[in-house]
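Chemist: how does the following fold in three dimensions:
(one chain, ligands or ions: 2)
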Amino acid sequence: MKFEEYRISQVLKKNIAEKGFKKPTDIQFKSIPPILKREDILGIAQTGTGKTAAFAIPVIENILKLGRKNKKGFVQCVVMAPTHELAQQISSVFEDFSKNLPIEILCVHGGVSQEKQITRLTEGVDIVIATPGRLFDLRSQGYLQLEELKILVLDEADHMLDMGFIKDIKDLLRFIPKKRQTLFFSATINPRIKKLAYSIVQNPIRIQISPKNPVAKSVSHSLIHVKMDDKRFFLERIMNDYPESKILCFVRTKVRAERVKAAMERVEIDALTIHSDKTDDERTSTMKAFKSGDCRLLIATDISARGIDIPNVDIVINYDLPELAENYVHRVGRTGRGTQKGSAISFCSPEEETLKEDIESFIGDELPVQEINIHTYSETLDFSRDAHADWKSLIKNEEIHQKTKKRKKKK
Ligand code: ADP
Ligand code: MG
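Modeler: Ligands and ions are numbered 1, 2, ... in the order given. Down below sits the predicted model:
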């Protein structure tokens, strides 16, 4: 099957070809026909397998067939995503596919001025890609009407239906017509969320492509046993061993993200960080620098793991193992996307053994251990540009810390 053979608009076919897509991926092959028939879908497929186009292509075709209403503020399709970055990315895929078609796309998220979004809505928009907050603001102010909505899409559906977002989604459901098409897409879904998903849709959901192992086959995995305090020396070593590689490094907290960045800068490795304390502008410019390759090390917390499609990420490093096993899948899924290959390296300290076991039972496989002998291990520490000076300063810091503690006790 080729995209050429689908019964969709010629312009849409041309736009697909211009993106360099020839054949549909599995999830696209299985989802496009039923979505075109207006059926509800729960599409579960591995990371990097083209889920965005699996809904964007048929949604655009369906909206085309519905014909433009061009009514002020009334939108026909809403796509919900958990982060600004992902909303922007999905929008740009929709933009690419709807070139030269009478379809207006708008990306709506917080952190930027409302004015432009309001102007666009008054001019008439067909498809809105949004994070929940701003969508509700615009709706409650009357700039955006959902009463005539025809299609609702939740990307990263399991996350959108989970604790942080479920209230928003339930609110949204109150405002949109019961008779509509609902599409859920995700790489992971647990039984609880699946049940919830089924309760939300009217018609039974027709499709589910559930891989036993949700991790993309194009990613190779390895795990290194390393002490918590030695992790930065190993990151430094990987950065130096792979001087051409683009590396995405995940840490547990935003404080740790900044600390690891500082540690890398001490050894003259440029790094950027992305986490929830960063402003929208900072996040946008960071993503741009990493995408373009201006900076080849990005240190991130889990918020940015979902869905993001960054070209040519060669290595994902789990500097800290994720607390939630399913996040392992979303993290390592940032590499090996589309037709590319990637590797994932996890640093596991003795304290993190149980997290490792959780991940292994989630993915149904063991993470191959990369054995490091004592010699290589100490060599990694010795060769760090930071090692000697830093041990001293660490010991010094610790001494000062102990002294202040004692002093406080005396008082
Ligand atoms: P997912 O949402 O499943 O994680 P994405 O939709 O972000 O994956 O797509 C991953 C990558 O694969 C993107 O860079 C996208 O352009 C590419 N891609 C998607 N479909 C195709 C296709 N049919 N042919 C070639 N590349 C594709
Ligand atoms: Mg996706």
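
Chemist: show me what residue of the stretch 151-300 of the chain gets nearest to ligand 2.
Modeler: Asp155 (5.7 Å; CB to the ion). To be clear about C-beta, it is placed using only N, CA and C from the backbone, and glycine gets the same treatment.

Chemist: ok, now the stretch 301-411 of the chain?
Modeler: The stretch 301-411 of the chain approaches ligand 2 most closely through Gly307 (4.1 Å), counting by CB to the ion.

Chemist: got the phi/psi numbers for that residue?
Modeler: phi 70, psi -20 (degrees, to the nearest 10).

Chemist: what's the answer for Lys19, then?
Modeler: The phi/psi pair for Lys19 (degrees, to the nearest 10) is phi -80, psi -10.

Chemist: isn't the residue of the stretch 301-411 of the chain closest to ligand 2 up against Asp155?
Modeler: Yes - the pair formed by Gly307 and Asp155 meets the contact definition of CB atoms under 8 Å, at 6.4 Å.

Chemist: shared neighbours, the two?
Modeler: Ala81, Leu86, Ile90 (CB atoms under 8 Å, 6 or more residues apart in numbering).

Chemist: those residues in strands, which ones?
Modeler: The members of the shared contacts of Gly307 and Asp155 all map outside strands under DSSP state E.

Chemist: JSON lines for those, including neighbour count, pLDDT and distance to Phe184?
Modeler: JSON lines is the format used below for these (neighbours: other CB atoms under 10 Å; pLDDT from 0 to 100; distance: CB to CB, whole Å):
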{"residue": "Ala81", "neighbour count": "27", "pLDDT": "95", "distance to Phe184": "12"}
{"residue": "Leu86", "neighbour count": "24", "pLDDT": "94", "distance to Phe184": "15"}
{"residue": "Ile90", "neighbour count": "26", "pLDDT": "97", "distance to Phe184": "14"}
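
Chemist: read off the pLDDT value for the residue of the stretch 151-300 of the chain closest to ligand 2.
Modeler: With respect to pLDDT, Asp155 scores 96.

Chemist: what about it, neighbour count?
Modeler: 26 (other CB atoms under 10 Å).

Chemist: which residue is nearest the centroid of the chain?
Modeler: Arg306 (1.9 Å; CA atoms, centre = their mean).

Chemist: and the closest residue to Lys23 other than its chain neighbours, how many neighbours?
Modeler: In this structure, Lys23 finds its nearest non-sequential neighbour in Lys2, 5.7 Å apart by CB to CB, 6 or more residues apart in numbering. Using other CB under 10 Å, Lys2 has 12 neighbouring residues.

Chemist: Lys2 and Ile299, how far apart?
Modeler: 41 Å (CB to CB, to the nearest Å).

Chemist: Arg385 now?
Modeler: Distance from Arg385 to Ile299, by CB to CB: 18 Å.

Chemist: what about the two, which has more around it?
Modeler: Shown here are Arg385 and Ile299; by other CB under 10 Å, Ile299 has more neighbours (25 against 14).

Chemist: any idea which element that one lies in?
Modeler: Under the criterion of DSSP states H and E, Ile299 resides in strand 297-300.

Chemist: hmm, who's touching the following helix or strand past that strand?
Modeler: Going down the chain from strand 297-300, the next helix or strand is strand 315-318, by DSSP H and E. For strand 315-318, contacts defined as CB under 8 Å, 6+ apart pick out 219, 235, 238, 242, 245-250, 328, 331-332, 334-335, 342-347.

Chemist: which non-adjacent residue is nearest the closest residue to ligand 2 within the stretch 1-150 of the chain?
Modeler: Ligand 2 sits closest to Lys51 of the stretch 1-150 of the chain, with a gap of 4.6 Å, by CB to the ion. Distances taken as CB to CB, 6+ apart put Phe185 closest to Lys51, at 4.6 Å, once the chain neighbours are dropped.

Chemist: whatever helix or strand that neighbour lives in: what's the following helix or strand?
Modeler: Assigned by DSSP H and E, Phe185 belongs to strand 181-186. The first helix or strand that comes after strand 181-186 along the chain, using DSSP H and E, is helix 191-200.

Chemist: check which helices and strands the helix or strand harbouring Gly133 sits against.
Modeler: Assigned by DSSP H and E, Gly133 belongs to helix 132-140. Helix 132-140 sits against strand 77-80, strand 105-108, helix 115-123, helix 163-175, with contacts defined as 3 or more CB pairs under 8 Å, 6 or more residues apart in numbering; DSSP states H and E.
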